[in-house]
Each structure stands twice: as structure tokens, then as C-alpha cells.
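**Q** Here is a sequence with its predicted model. Questions after.
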Amino acid sequence: MRQGHHYESLVVDLDGGTVEAVVDDRPQASLEAYDRQFAPEERATTIEAIAMDMWEPYILATHACLPAAGPKIVFDRYHATRYVTEAVDKVRRQEHKALQAQDDLRLKGTKPLGLWNEENIPEWRRAEFETVKQAELKTSRAWAIKESLRGFVDLDPGLFWHRLS
């Protein structure tokens, strides 16, 4: 909650659109306490998927309380995309450092190009983007992977949920 970083965890039934519980803070024990009120066998047959962020206590609590939870866990789009975007920038920084040692400055100032989606690149940077995109660089490959994963998370949610069940 703003600058104090006080967290609440919400347990939501996505099908019903209802908030089932508000759990104080984010420790594993809090979520497990909520989960333990249900019979594991019942939850194993009624839960098709569990959407969550990548917070480790959520993952551990889900595994502790739900048999065979692994295939049912679906990470939220925001966190999955953020990790991939951070990985692209890490590749760009490492490659820029290596190229810079060879007096090659073509990646200088290109951080936004690797983080933006292609349709959001301003016209005045489009030529620069195309040059980097077409270059045989690790950065170019990392960006292409990010874009292909973006297509995956943009799948029709109904189709995505169906494939998980």
C-alpha cells in the first residue's frame, strides 16, 4: 500500500468474480491457513487453475495445500512479462559492455528499444530499432524471444484456460 509497502493478499474466485478472502500480509503461513479450511480432495477436483504472481510463498503454500498443484499454477501476465523484459535488458547491457570494449557503440542509448513493444516505438526511432533488430546480436535474439512470448500471453484467455485443464 503505497510507500509503506504493507501488503494484503486477495483470494478471488475468477469465475464467480468474488473476493473469497483477504489475507494479511504475504507469508506462506497466512495463505496456508486459508487453504487448510478446505478438504484437499475437494479442492483437487474443483480447482482447474490458480492464477498468482511469482511470489515464492504463494507457490509454496499452493504446493503444500493442493495435491498436484504444479500444472494448475498460472503466473500472472504482469510478472511474467516483467521478468522477460528484465532479461532482455540484462542481455543488452552485457552485450553493450562487450561491444564498447571493441569501440562499437551501436547499442548506446538503446535500452528503451528493447523494452518497448514494436508498435510503441516512436517513428523517430524506428530506423534505429530496425537496425538493431536486424543485426546479428544477442540483444536482437533476446528481443525476438520476448516478442514471441508476448504472443503466448496474448492468447485468448478461454483457449488458454481450456488448454490447462
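**A** Yep, it's here.
**Q** Let me see the contact set for Leu105.
**A** Leu99 (C-beta atoms under 8 Å, 6 or more residues apart in numbering). In short, each C-beta sits where N, CA and C put it, glycine included.
**Q** Ok, Ala68 next?
**A** Ala68 neighbours (C-beta under 8 Å, 6+ apart): Ala44.
**Q** This protein - how does it break down into domains?
**A** Per the record, the chain has its domains at 2-75, 78-153, by automatic domain parsing.
**Q** Let me have these in CSV, extended by mean pLDDT.
**A** Shown next, in CSV, are the domains of the chain (pLDDT from 0 to 100):
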stretch, mean pLDDT
domain 2-75, 80
domain 78-153, 89
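**Q** Next, Pro105: secondary structure please.
**A** Careful, residue 105 is Leu; it's not Pro. State at Leu105, reduced to three classes by DSSP: H, G, I helix; E, B strand; the rest coil: coil.
**Q** ok, so what distance separates it from Pro122?
**A** For Leu105, the distance to Pro122 equals 21 Å [C-beta to C-beta, to the nearest Å].
**Q** residue closest to the middle of this protein?
**A** Geometric centre of the chain, nearest residue: Ala80, 1.0 Å, by C-alpha atoms, centre = their mean.
**Q** Assign that one to one of the three secondary structure states.
**A** helix.
**Q** Distance check, it against Tyr34.
**A** 24 Å.
**Q** got it, and Glu8?
**A** Distance from Glu8 to Tyr34, counting by C-beta to C-beta: 12 Å.
**Q** shared neighbours, those two?
**A** With contacts defined as C-beta under 8 Å, 6+ apart, the residues shared by Glu8 and Tyr34 are Val23.
**Q** neighbour count winner among these two?
**A** Tyr34 (16 against 11; other C-beta atoms under 10 Å).
**Q** The more buried one: what's it in contact with?
**A** Applying C-beta under 8 Å, 6+ apart, the residues contacting Tyr34 are Val11, Ala21, Val23.
**Q** Pick out whichever of the residues you listed sits closest to Ile50.
**A** Using C-beta to C-beta, Val11 comes nearest to Ile50 of these, at 9.7 Å.
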